[in-house]
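# Please find the sequence and the predicted model below.
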Amino acid sequence: MAPIRTLLSGLLGAALLIPGTSVGATPATEDGRTVDYHGLRLALPAGWRVVDLDRNPDACLRLDLPTLYLGHAGTQAECTGRAVAGRADTLHLEPLDGAPERADVPTLTVDSRRTPREVPARSDSNELRYALHRSGVMATVSYGATPDGVRGVLERARRVAPPPTGTPVVAVPAGGGATPVNAQKPFKGEGFDACTAPAQKTMDTWRAASPFGAIGVYIGGRARACAQPRLTARWVERQAAKGWHLMPIWVGPQPWFNAGTGLSADPSEADGQGREAAEGAADAARSLGLADGTVLYNDVENYTDRTTWDAPVVAYLTAWTVRLHELGFRSAAYVSVSSGVKALSAHYHQAPQAMPDVLWAARWNLSATVGDADMGLRKRTAKWAGPRRAHQFRGDHKATYGGVTLTIDRSWLDVDPTVLARKDKKPTA
């Protein structure tokens, strides 16, 4: 049965109701608008959008605009981007029946009639979930610095009616415990990444009709731009079984000044952030069923002030690498040719064993190769030689295969994790 919802003040739809401008966890002032959903009445903070996902299945569950999302996520075809400078408070309410099992997001089951006051375990991706059994609702909370503001919206919700008749109240499958799968067979060819994991039908269509054999999927991180309602251990298992080479991407702190999503300009602090990011990514990877030895990619966006950011970026990515190796994974870095590649190359000789195992260079020159020039490396260098390179050669654009359109970035890969496991990196010129 479709959920019953009534907007008592304003028009419910996929459009912006009031442009959202505030971000972070500071509790906003309620502006008088209320929304009824499954018998719960919520008073919305000023500036929040309301997006009806049943009416607009292509809408993206963006994490950078204060928003109440209602209903199960659809295709999310409107999603673009990778990292955001500021995370916002968002709340996603959907029927518990049919809500995906998100092993990568801490979930707390609430059996009482009261809205939750408990706080689940800490999330490295700034997301929490509450399974509200008495209401038949799954509530996913996303936040900037702390969850206090958006949790307050949920805590202040009032019950005004029983949930719709016939709404099943089902148990949430226990997260974790996924059987490890190898989702990274040796691969040389074209791949793509999208802001959110595509639906299975899209993945199957593109597997048959597109030139792609690899896909980058964002598994977490505080600067991730889009929610991942489809990203489950089952989704990973299915793609691996169908022959996709997966590139799990972590979007941690970035080289910009922001209390919530920024990297520290102090290399010693950036080192700690790198270790923390590795631990978060390893936890997410295991919850998604990715086997030990999987290459995990750290997305560090481009920066122009190399004087400020080169040293902390190198400290962050080398600490990320060392900690991932300790945890049983391989490391990779997505960096721009004009910034991160230069920084890592300049410091390679200082700690070659701590350098990322795979270099994924962003240079949108439409050249589908991993040659030295396209990677931003010196000619005939041994750095990241062999099957240890990827080149993102085209950025944000729409592509259609088999009648299905996605907004993607394109890359050329030459990556063999079996070689990485036995490599012996040496300093090179």
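Structure's in. What do you need? Numbering: from 1, shown residues only.
# where are the low-confidence patches of this protein?
In the predicted model, the chain carries pLDDT under 70 at residues 1-32, 112-115, 117-118, 120-122, 163-177, 421-429.
# Longest strand in it, please.
Longest strand in the chain by number of residues, with DSSP state E as the criterion: strand 388-401.
# what angle do the next helix or strand after it and strand 388-401 make?
Moving toward the C-terminus from strand 388-401, the next helix or strand (DSSP states H and E) is strand 404-415. Interaxial angle, strand 404-415 versus strand 388-401 (axes from the mean of the first three to the mean of the last three Cα atoms, to 10 degrees): 160 degrees.
# in strand 404-415, what's buried?
Buried residues in strand 404-415, counted by 16 or more other Cβ atoms under 10 Å: 404, 406-415. In short, each C-beta sits where N, CA and C put it, glycine included.
# just to revisit the earlier point, buried residues of the longest strand of the chain, list them for me.
Residues of strand 388-401 classed as buried by neighbour count (16+ other Cβ under 10 Å): 388-394, 399, 401.
# same for that strand, what does it pack against?
strand 187-193, helix 200-209, strand 358-362, helix 372-375, strand 404-415 (3 or more Cβ pairs under 8 Å, 6 or more residues apart in numbering; DSSP states H and E).
# partner strands of the last one, parallel or antiparallel?
The strands that strand 404-415 pairs with in its sheet are strand 187-193 (antiparallel), strand 388-401 (antiparallel) (by DSSP bridges).
# what inclination does that strand have with respect to strand 358-362?
Strand 404-415 runs at 130 degrees relative to strand 358-362, counting by the same axes, to 10 degrees.
# Renumber starting at 374 from here on
Sure thing, new numbering starts at 374, so read that last one as strand 777-788.
# CA atoms of the next helix or strand after strand 777-788 as PDB?
Once the chain leaves strand 777-788, the next helix or strand it forms, by DSSP H and E, is helix 790-793. The C-alpha coordinates for helix 790-793 follow below in PDB (Å, rounded to 0.1, in the frame of the first residue of the first chain):
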ATOM      1  CA  PRO A 790      45.300  -6.500  -7.700                       C
ATOM      2  CA  THR A 791      47.100  -9.800  -7.900                       C
ATOM      3  CA  VAL A 792      50.200  -7.900  -9.000                       C
ATOM      4  CA  LEU A 793      49.800  -5.400  -6.300                       C
END
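# Give the buried residues for helix 790-793.
Under 16+ other Cβ under 10 Å, the buried positions of helix 790-793 are 790, 793.
# ok, now stretch 701-712?
By 16+ other Cβ under 10 Å, the buried positions in stretch 701-712 come out as 702-710, 712.
# Same check on stretch 458-472?
Taking 16+ other Cβ under 10 Å as the criterion, stretch 458-472 shows 458-469, 472 as buried.
# do the same with stretch 734-746
Across stretch 734-746, burial judged by 16+ other Cβ under 10 Å covers 734-737, 741, 743, 745.
# just the residues you listed now: which is nearest V624?
Among the buried residues of stretch 734-746, A735 lies closest to V624 (Cβ to Cβ), at 13.7 Å.
# Any chance of TSV for the buried residues of stretch 458-472, columns secondary structure and distance to R679?
Output for the buried residues of stretch 458-472, formatted as TSV (DSSP: H, G, I helix; E, B strand; the rest coil; distance: Cβ to Cβ, whole Å):
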residue	secondary structure	distance to R679
A458	coil	19
G459	coil	23
R460	coil	26
A461	coil	30
D462	coil	34
T463	strand	34
L464	strand	39
H465	strand	38
L466	strand	44
E467	strand	44
P468	strand	49
L469	coil	49
A472	coil	44
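# which one of those is nearest Q627?
Distance to Q627, by Cβ to Cβ, is smallest for A458 among these, at 7.3 Å.
# just checking, that closest one touches A632?
No: between A458 and A632 there is no contact, the gap being 10.9 Å when judged by Cβ atoms under 8 Å.
# Just the helices from this structure, written as ranges.
For the chain, applying DSSP state H gives helices covering 521-528, 573-582, 606-614, 640-660, 679-700, 713-720, 745-748, 790-793.
# Tell me how far the third one lies from the chain's centre.
Pointing back at helix 606-614 there. Centroid separation for helix 606-614 versus its chain: 17 Å, with Cα atoms, centre = their mean, to the nearest Å.
# Which residues outside that helix are in contact with it?
Residues outside helix 606-614 that contact it (Cβ atoms under 8 Å, 6 or more residues apart in numbering) are 474, 476, 551-552, 554-556, 570, 573, 576, 588, 619, 660-663.
# same thing but at 7 Å, please
Identification of contacts with helix 606-614 by Cβ atoms under 7 Å, 6 or more residues apart in numbering yields 476, 551, 554-556, 570, 573, 576, 619, 660-663.
# quick one: Q723 from W757, how far?
Taking Cβ to Cβ, to the nearest Å as the measure, Q723 falls 16 Å from W757.
# Closest one to R502 out of the buried residues of stretch 701-712, please.
Using Cβ to Cβ, the shortest approach to R502 within the buried residues of stretch 701-712 belongs to F702, at 25.1 Å.
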